[in-house]
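> Just to be clear, the model below is a prediction. Sequence and coordinates:
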Amino acid sequence: MAITKKEPTELAKHVFEYAPAPESIDHVKIQPRYGLFIGGRMVEGHSKKRFPTINPATEGKLAEVVEADEVDVDRAVKAADKAFDAWARLGPTRRARYLFRISRLIQERSRELAVVETMDGGKPIKESRDVDIPLSAAHFFYYAGWADKLEWAFPNRKPRPIGVAGQVIPWNFPLLMLAWKIAPALAAGNTVVLKPAETTPLSAMVFAEICMQADLPPGVVNIVTGAGQTGSLVVSHPNVRKVAFTGSTEVGKLIARAIAGTGKRLTLELGGKAANIVFEDAPLDQAVEGIVNGIYFNQGHVCCAGSRLLVQESIAEPLLEKLKRRLSTLRLGDPLDKNTDIGAINSKAQLEKIQGLVESGIEEGAELYQPECVLPARGFWFPPSLFTNVSQSYRIAREEIFGPVLSVLTFRTPNEAVEKANNTPYGLSAGVWTDKGSRILWMAEHMRAGVVWANTFNRFDPTSPFGGYKESGFGREGGVHGLLPYLELG
Ligand code: NDP
């Protein structure tokens, strides 16, 4: 087919006409109201305040959850404290058995979890089904394997659990972030109190049911719902010995200040502004797929998103032409449709943030490209977008947009690429596209980024550590490194 002769939108209409393929929701039972998961069962909140969690694709209310208060958080931490000794002393193979069981139950309930995740958060079902849920199960499976091998993981040291871990997670990968936090903590013998994000509490509520199904001893996992204030109560509770947070750099700094001097252990996984760097010898079609995956996956609500495309000047024109054409084939709409590539923006607040930053890009002089795209009448939506003519000083090149918006910059030499890639307060991830292995290694060595992907992007595996430099935080999650924050090494 002579695709180069067609206008992008024409091409999209011609090639990609799909009948609707909605995922069934009959097998999912979302309760109208949820309590808190404390001491092994669902309990009423002391707080009588509740708030709705909505489907961002329809703005319809899905359920009501408790806004946990100080008394609720205290009950949860005390339940975790009470469970700690027995859990820490439990034979490690028995601890592993519980984690294997949880992993299996996530797999068994994966269709339900995928639908809940998509309805509550707005992400396309193909992503929650193929990425979020399988990776969550894999994380528990992987750390189950470590539970009885801690002494081999740290030779000549005596690893001991720390105590109660207070964990606060964001809304972009709700179940996966829960798994990243809870699996290593439990494998190492700690107990936890976790607060999911205000806009995406439902998969954590299903996870509470899974803990009960797995007969996990009461108090080993406790889940309190609420907003920022509840998170702040969790991290500042005096009996919490270890804090793990994923979210914005701004809140990460608040937490670091709040617990300074308390002796609590802290890991922070914060924002990013990753450079995805394409050299002139890269396979362009493959790179285009990597760029699309890097910034439009999960509507760009990804801390390690490749939000700055650095393209070598000599190939900027053909690459951008291919990229624009590819953008016009992305399908935006019902997240429950199996053909959808771009789902709903997670919340109204996030949509407004994206809109504000895009307006700033236009005002500062960048050129916006958006494919023709019909946005649904209800819900929160933003079309896949890219900016050219971007200067490094523009806000869209410096700040985390956390939406489907790519800023394109160019470079001439590898040194310039490194300078531009590192010209950010963040340092979470980066991508390099080139035919030369030696260049990949040289670039990886010179970039200040926790993860550097080569000729791919957004690849995750529980065995591989993940975390940032600079304002992207500190500490690693995943792999044997992910156990360290949850252990004292005697
Ligand atoms: P936040 O950092 O506010 O949210 C992350 C988690 O922290 C949520 O559970 C939140 O609760 C909780 N929280 C908020 N304030 C406090 C506090 N003072 N003490 C303890 N916990 C707290 O992110 P937002 O949801 O406000 O998103 C804002 C921006 O942050 C996004 O636009 C994006 O740029 C960035 N972000 C980055 C993420 C990453 O993975 N790096 C993830 C999410 C956001 P609640 O949900 O109720 O506010």
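Structure received. Numbers count the residues shown, from 1 in each chain.

> can you list the residues of the stretch 251-400 of the chain near the ligand?
When proximity is defined by CB under 6 Å from any ligand atom, the stretch 251-400 of the chain lies next to the ligand at 251, 254-255, 270-271, 303, 350, 353, 400. Where you see a C-beta, it was placed from the backbone N, CA and C, and this is true even at glycine.

> got the residues you listed as a markdown table, with pLDDT columns?
As requested, these are exported to a markdown table (pLDDT from 0 to 100):
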| residue | pLDDT |
| --- | --- |
| 251 | 97 |
| 254 | 97 |
| 255 | 98 |
| 270 | 96 |
| 271 | 94 |
| 303 | 97 |
| 350 | 98 |
| 353 | 98 |
| 400 | 97 |
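
> What subset of the residues you listed is buried?
Buried members of those, counted by 16 or more other CB atoms under 10 Å: 251, 254-255, 270-271, 303, 350, 353, 400.

> about what we covered before: nearest to residue 216, of the residues of the stretch 251-400 of the chain next to the ligand?
Here the nearest of those to residue 216, counting by CB to CB, is residue 255; it sits at 27.0 Å.

> For the one helix or strand that closest one maps to, list the C-alpha coordinates in CSV.
In the assignment (DSSP states H and E), residue 255 maps to helix 249-259. Written as CSV, here are the backbone C-alpha positions of helix 249-259 (Å, rounded to 0.1, in the frame of the first residue of the first chain):
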residue,chain,number,x,y,z
THR,A,249,8.5,15.1,43.9
GLU,A,250,6.6,17.8,45.8
VAL,A,251,4.9,15.4,48.2
GLY,A,252,8.1,13.3,48.4
LYS,A,253,9.9,16.4,49.7
LEU,A,254,7.1,17.0,52.2
ILE,A,255,7.4,13.5,53.5
ALA,A,256,11.2,13.7,53.7
ARG,A,257,10.8,16.8,55.8
ALA,A,258,8.0,15.4,58.0
ILE,A,259,10.1,12.3,59.0
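
> Report the strands that pair with the helix or strand that it is followed by, each with its relative direction.
Using DSSP H and E, the helix or strand that directly follows helix 249-259 along the chain is strand 265-269. Sheet pairing of strand 265-269 (DSSP bridges) gives strand 240-246 (parallel), strand 473-474 (antiparallel).

> and residue 38, what are its phi and psi?
Backbone geometry at residue 38, expressed as degrees, to the nearest 10, gives phi -130, psi 130.

> beta partners for it?
Here residue 38 sits in beta bridges with residue 41, going by DSSP bridges.

> Pull the number of nearby residues for it.
26 (other CB atoms under 10 Å).

> ok, residue 477 - contacts?
180-181, 184, 267, 269, 465-467 (CB atoms under 8 Å, 6 or more residues apart in numbering).

> Tell me where the stretch 101-250 of the chain is predicted with low confidence.
Applying pLDDT under 70 to the stretch 101-250 of the chain picks out no residues at all.

> How about the residues of it by the ligand?
168-172, 195, 197-198, 227-228, 231-232, 235, 246-248.

> Looking at these, which are in strands?
168, 195, 246 (DSSP state E).

> so who does the residue lying closest to the first one once chain neighbours are set aside touch?
Using CB to CB, 6 or more residues apart in numbering and skipping residues adjacent in sequence, the residue nearest residue 168 is residue 231, 4.3 Å away. Counting by CB under 8 Å, 6+ apart, residue 231 makes contact with 168, 195, 251.

> Please produce TSV containing the residues of the stretch 251-400 of the chain next to the ligand, extended by distance to residue 290.
Shown next, in TSV, are these (distance: CB to CB, whole Å):
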residue	distance to residue 290
251	30
254	34
255	33
270	24
271	21
303	18
350	24
353	26
400	20
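
> circling back: what's the closest of the contacts of residue 231 to the ligand?
Nearest to the ligand among the contacts of residue 231 is residue 251, at 3.6 Å by CB to the nearest ligand atom.

> ok, so what distance separates residue 356 from residue 340?
25 Å (CB to CB, to the nearest Å).

> Please identify which of these two sits among more neighbours.
Per other CB under 10 Å, whichever of residue 356 and residue 340 has more neighbours is residue 340, with 26 against 11.

> so that one makes contact with residue 298?
No - counting by CB atoms under 8 Å, residue 340 does not reach residue 298; the two are 11.9 Å apart.

> Just want the most central residue of this structure.
Residue closest to the average C-alpha location in the chain (CA atoms, centre = their mean): residue 173, at 4.0 Å.

> wait, isn't residue 164 in contact with residue 82?
No - counting by CB under 8 Å, residue 82 is not a contact partner of residue 164; they are 9.8 Å apart.

> List the contacts of the residue nearest to the centre of the chain.
For residue 173, the contact set (CB under 8 Å, 6+ apart) comprises 132, 298.

> redo that, cut-off 10 Å
Residue 173 makes contact with 117, 121, 123, 127-128, 131-132, 135-136, 179-180, 200, 203, 246, 298, 301-303, 460, according to CB atoms under 10 Å, 6 or more residues apart in numbering.

> Narrow those to those in helices?
Judged by DSSP state H, helices contain the following of the contacts of residue 173: 117, 121, 127, 135-136, 179-180, 203.

> quick one: which of those residues is nearest to residue 328?
Nearest to residue 328 among the ones in helices among the contacts of residue 173, with distances taken as CB to CB, is residue 127, at 20.4 Å.

> which ones are touching the closest one?
Contacts were defined as CB under 10 Å, 6+ apart; by that measure residue 127 touches 114, 117-118, 121, 133, 173, 297-299, 335, 340-341, 343.

> List buried members of these by neighbour count.
Of those, these count as buried by 16+ other CB under 10 Å: 114, 117-118, 121, 133, 173, 297-299, 335, 340-341, 343.

> Which of those sits closest to the ligand?
For the buried ones among the contacts of residue 127, the nearest to the ligand is residue 173 (7.8 Å; CB to the nearest ligand atom).

> about what we covered before: filter the residues of the stretch 101-250 of the chain next to the ligand to the buried ones?
The buried subset of these (16+ other CB under 10 Å) comprises 168-172, 195, 197-198, 231-232, 235, 246-247.

> now do the same end-to-end measure for stretch 30-42.
Terminal residues of stretch 30-42 lie 15 Å apart, using CA to CA, to the nearest Å.

> Perfect, I'm done here.
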